[in-house]
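Asker: 3D model of this:
(chains A and B, ligands or ions: 2)
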Amino acid sequence: MTRLLIVGNGPAAHRFVGQAHRRGYRGTITVLGAEPVAAYNRVLLPSVLAGVLPPAAVALPGPPGTADVRLGVTAVAVDRRRRLVLTGDGHGYPYDHLVLATGARARVPAVAGLRRVDGRPHPRVRVVRALDDCTNLPAGRVVVLGAGVLGVEVAAALRAAGRAVSLVHCHPAPMNRQLDPAAGGMLVRHLESARVEVLLDGRAVEYRRGVLRLADGRRLPADVLLLCVGAEPDTRLARRAGLEVRHGVVVDARLRTSDPRISAIGDCAELDGVVAGRVTVAWEQADTLAAVLTGEPARHRPSRPLTRLCAGGVDVAAIGPTDVPDGQTVLLSDPVRGRYARVTLRHERVARAVVVGLPHAAAALTQLYDRDTPLPGGMLGLLLGAAGCDDPDYEMPAEAVICMCNNVTKQALHDAWHEWGARDVGALATATRATTGCGRCVDVVRRICEALR
Amino acid sequence: MTAVLVVVGHGMVGHRLVQELRSRDTAGRWRVVVLGEENRPAYDRTALSSYLDGKSAHDLTLLGHDLLHDSLVEWRFGVRVTHVDRVACLVTTSDGASVRYDALVLATGSRPFVPPIPGRDLPGCFVYRTLDDLDLLRAAAAPDRPGVVIGGGLLGLEAANALRLLGMRPRVVEMAPHLMPAQIDPDAGRLLGDLVGRVGITAHCGVATQRVEAGADGRVRAVKLSDGSTIEADVVVFSAGVRARDDLADGAGLPRGERGGFLVDDRCRTPDPHIWAVGECAAVNGRVYGLVVPGYRMADAVAAVLLGQGDAAFPGADMSTKLKLFGVDVASFGDAHGRTEGAWDLVYADEDAGTYARLVLAADDATLLGGVLVGDAAAYPVLRPLIGHRLPAAPEYLLRARS
Ligand SMILES: Cc1cc2nc3c(=O)[nH]c(=O)nc-3n(C[C@H](O)[C@H](O)[C@H](O)COP(=O)(O)OP(=O)(O)OC[C@H]3O[C@@H](n4cnc5c(N)ncnc54)[C@H](O)[C@@H]3O)c2cc1C
Ligand SMILES: Cc1cc2nc3c(=O)[nH]c(=O)nc-3n(C[C@H](O)[C@H](O)[C@H](O)COP(=O)(O)OP(=O)(O)OC[C@H]3O[C@@H](n4cnc5c(N)ncnc54)[C@H](O)[C@@H]3O)c2cc1C
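Answerer: Ligands and ions are numbered 1, 2, ... in the order given. Below you'll find the predicted structure:
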């Protein structure tokens, strides 16, 4: 009977255990989780932070079958020769196969004053990564540092919960890794209309006495400072064990590390040079690994990049890789109502899309992109989520002015046809003076003439 | 009793007025005196460039045989009106004659604006407005030599194309960051820069012209730009906009619009009930229209009033334009800048095909307000009549529709 040992008890590990069980894996499963709480859905933490969800609401269902989950246990070393994982509490856990699902750790920026003199974290400074970070948030004005996906979401959620919130970003536009500058600008408008104060091009240098100081001299009162400047794969264990690590723990399409008895999944794994950092990817990797370890010839297919979030009541989506060349693009820009979409097409398919404030479009484009299907009809209808604009039997309204020079409407041409028997362009010209000015409408008049025939 | 209508200026709009009046005045109420400064009758100025592309002055003329020999119209070319005496109802002309009027229509058009930079009067500097201007330019053109057009608007590009037709190597200097800033947005402007580049027109955008420099022979030799560079030029064509020809306002004591032009109401009437202004010289409620179609609308309205056949207000006008450059399509129509409240943009761009289409839509998400087409303007005649109407089909379909 094989012994499976999993280090880490986040979404990746949780999903893997469930999938292995479902696939009839028959050995023993042991999970070591450093956090003292059962596995939970990290994606929901912004709601916990904002007080919208109680902490208990984010818990994931308990492990199926006989999996042995040890909470509050941290693995500190892997003895690959003896196939043993050593933990902080002095125990050793043997394995036949080891799965690293250690996730990622929040990055802490180089800003003076984030720690107290004794080296302990400042009580008013938090990262947003673990459940523990998100409970009992001190009262008062919040400054969120970093306007990536997480920072934007956190700022919007706290604002919606009634907090005074400032969002500081060191680039000229928020979510600059996902959005183009115009979409970023649109997002700023939305955040500002939700009364989130947005400070761009601002580099924080010091937090002292409840004030965050930026490099350009701007000063922000901050009763709470939330650090949302990204996460780093937690590769400490793998590195110490001598596994190949670049940014993350390097794995192949079967999620195997440089040691065939050790796999890695989720936020700690690097596949094809990419550390995804997204829960959907963690799940897919968990599924693939469960298949591989139960003897199926599965391979992980890198999933298609997709970011969607709803912040401050606005839907934001970045679909597809950022390095798609421009080619054919459709752009919708409506600053007044905060709507924006830039869709890049290849062979009539969505190659990339950035969408702000158009929830229907975000959903439809995501679907088209995921399924790689050709666009069904006109883009305008798709973007607005409205049908009706796609009628191919195109007809000009009767009151449309066809000949600008002589102010001749389509109706006038019809009348001339029916009442005066003007049956060709020449006769219509004599009857109505259409085409006798600059002459540029002659083709349209001809077409109307043909339609009447 | 026949009354006398004096028309000052025989350009496109003055001509339209005479034509319209004569075709409707079956009772012969008016005798018309037309006083035109140019030495020839009105011609199609919008087709001016074709004069360098094989068309003759005769081809472009607007005055037909019947109207020329109409006994109720007196044509006088090569005379400029120098003064209007509103008390005596008399106009004085450059040849010393004076003509009494019962009604006076000013249709003096506009003149090119030449920015006040040193060297602008040197031999080799031209403007681009009349057939005479083109004759001068043609005489000065030297094959394979560089020519510089100052101003990258619609007319500047036409002038650049004219230089190309004359065998010269044209360059355009535009102060704005991209070509045709009045009509199109930066993305379209960049694409346009690429496209005109492909037909051999080099654009220098985002720079001002500091001065025109003379060579040893005293003729134009180069143009110095604000970025410190100097570009060689055998000829320089100024195309930096136009100004209404409203000089007669002073002597006549007529008011001007804020941006020039004879100030008229929405009936094209000046404060003097016997005097109207139409075309590019008119500031209708203060606004000057630099296109021929609005001028036609004004002429039609005034003709109707003169004949007591209606009192319709000039409705304002569509400022659609289409560049007639060989091989480069550009069109702008309706509210191309999206100035209507609640307007928004839908852009279809294809880098590979070199096309760009921007549609401006109304707040109802369905009504077309205007647009810009670059690289392919085949949809222009389809889209323009739709201004103010709900799009009847998917924009892709309309853009692909070819007449
Ligand atoms: C606030 C927030 C919101 C997010 N929202 C989204 C979203 O909307 N969409 C999306 O796709 N992704 C989102 N993410 C990212 C998503 O949560 C991660 O991709 C996902 O959690 C990865 O799961 P994981 O199991 O690989 O890693 P983690 O969730 O990081 O779990 C790893 C666990 O392993 C434990 N561990 C680490 N080292 C050891 C050790 N040596 N011994 C024992 N235990 C150890 C850690 O304590 C941790 O509990 C969000 C992340 C955060 C923080
Ligand atoms: C190269 C070029 C291309 C163009 N292309 C287009 C186009 O594609 N579409 C478009 O809509 N418009 C275009 N235009 C603009 C269009 O030609 C004008 O809007 C139109 O000619 C205006 O007509 P008008 O009668 O008001 O003025 P003009 O045509 O300028 O006529 C005015 C006439 O009055 C004469 N005059 C002036 N003062 C006196 C006086 N005191 N006494 C007697 N006579 C006088 C002038 O000499 C002139 O002959 C173009 C213009 C140019 C130069």
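Asker: For the closest residue in space to B:W30 that isn't next to it in sequence, give its distance to B:E74.
Answerer: In this structure, B:W30 finds its nearest non-sequential neighbour in B:L5, 4.7 Å apart by C-beta to C-beta, 6 or more residues apart in numbering or on different chains. No exception for glycine: its C-beta is placed from N, CA and C like everyone else's. Distance, B:L5 to B:E74, by C-beta to C-beta, to the nearest Å: 10 Å.
Asker: any shared contact partners between the two?
Answerer: B:31-33 (C-beta atoms under 8 Å, 6 or more residues apart in numbering or on different chains).
Asker: what residues does the helix or strand where B:G251 lies touch?
Answerer: Taking DSSP states H and E as the definition, B:G251 sits inside helix B:248-252. With contact meaning C-beta under 8 Å, 6+ apart, helix B:248-252 is reached by B:8, B:81-86, B:106, B:108, B:254-256, B:262, B:272, B:275.
Asker: Next one, pLDDT for the closest residue to chain A within the stretch 301-403 of chain B please.
Answerer: Closest approach between the stretch 301-403 of chain B and chain A, counting by C-beta to the nearest C-beta: B:A394, at 2.6 Å. The score at B:A394 is 87. That number is its pLDDT.
Asker: Look at the residue nearest to it when sequence neighbours are not counted and report its pLDDT.
Answerer: Nearest non-adjacent residue to B:A394, counting by C-beta to C-beta, 6+ apart: A:G378, 2.6 Å away. With respect to pLDDT, A:G378 scores 83.
Asker: about what we covered before: can you pick the most crowded of the contacts of helix B:248-252?
Answerer: B:L106 (31 neighbours; other C-beta atoms under 10 Å in any protein chain shown).
Asker: ok so, going back, neighbour-wise, which one of the shared contacts of B:L5 and B:E74 leads?
Answerer: Highest count within the shared contacts of B:L5 and B:E74 by other C-beta under 10 Å belongs to B:V32, 24 neighbours.
Asker: Next up, the contacts around it.
Answerer: Here B:V32 is in contact with B:4-7, B:18, B:21-22, B:72-74 (C-beta under 8 Å, 6+ apart).
Asker: can you pull the contacts of the closest residue to ligand 2 within the stretch 1-150 of chain A?
Answerer: Nearest to ligand 2, among the residues of the stretch 1-150 of chain A, is A:A147, at 47.8 Å (C-beta to the nearest ligand atom). Residues near A:A147 by C-beta under 8 Å, 6+ apart: A:155, A:167-169, A:171, A:174-175, A:198, A:200, A:228.
Asker: quick one: B:G342 and A:V336 touch, right?
Answerer: Yes: with contact defined as C-beta atoms under 8 Å, B:G342 counts as touching A:V336 (5.8 Å).
Asker: count of residues packed around B:E174?
Answerer: Neighbour tally, B:E174, other C-beta under 10 Å: 27.
Asker: Now it. Nearest residue, chain neighbours left out?
Answerer: Closest to B:E174 by C-beta to C-beta, 6+ apart is B:G152, at 2.9 Å.
Asker: Give the helix, strand or coil label for that neighbour.
Answerer: Following DSSP: H, G, I helix; E, B strand; the rest coil, the label given to B:G152 is coil.
Asker: Check the one 5 residues further on too.
Answerer: The three-state label given to B:L157 by three-state DSSP is helix.
Asker: residue contacts, it?
Answerer: Contacts of B:L157 by C-beta under 8 Å, 6+ apart are B:149, B:172, B:179-180, B:196, B:201, B:323, B:325, B:328, B:330.
Asker: Ok, A:A13 next?
Answerer: So A:A13 contacts A:6, A:31, A:33, A:39, A:99, A:101, A:265-266, A:286 (C-beta under 8 Å, 6+ apart).
Asker: same deal with A:L227?
Answerer: A:L227 neighbours (C-beta under 8 Å, 6+ apart): A:106-109, A:114, A:125-128, A:145-146.
Asker: With A:V73 instead?
Answerer: So A:V73 contacts A:32-34, A:87-89, A:91 (C-beta under 8 Å, 6+ apart).
Asker: Write the ChimeraX selection for whichever of the residues you listed are buried.
Answerer: Applying 16 or more other C-beta atoms under 10 Å in any protein chain shown to the contacts of A:V73, the buried members can be selected in ChimeraX as follows:
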select /A:32,33,34,87
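Asker: Tell me the most packed of the contacts of A:A13, by neighbour count.
Answerer: Result: A:G266 is most packed of these (other C-beta under 10 Å), 35 neighbours.
Asker: In this structure that residue contacts A:E284, no?
Answerer: No: in this structure A:G266 lies outside contact range of A:E284 using C-beta under 8 Å: 10.1 Å.
Asker: Could you pull out the strands in the stretch 201-350 of chain B for me?
Answerer: B:202-205, B:209-214, B:220-225, B:230-232, B:235-238, B:242-244, B:262-264, B:275-277, B:282-284, B:287-288, B:321-323, B:330-334, B:344-350 (DSSP state E, counting those that start in this stretch).
Asker: what distance separates the third one from the centre of its chain?
Answerer: With C-alpha atoms, centre = their mean, to the nearest Å as the basis, strand B:220-225 stands 27 Å off its chain's centre.
Asker: same thing with the last one?
Answerer: Here strand B:344-350 shows a centroid-to-chain-centroid distance of 28 Å under the convention C-alpha atoms, centre = their mean.
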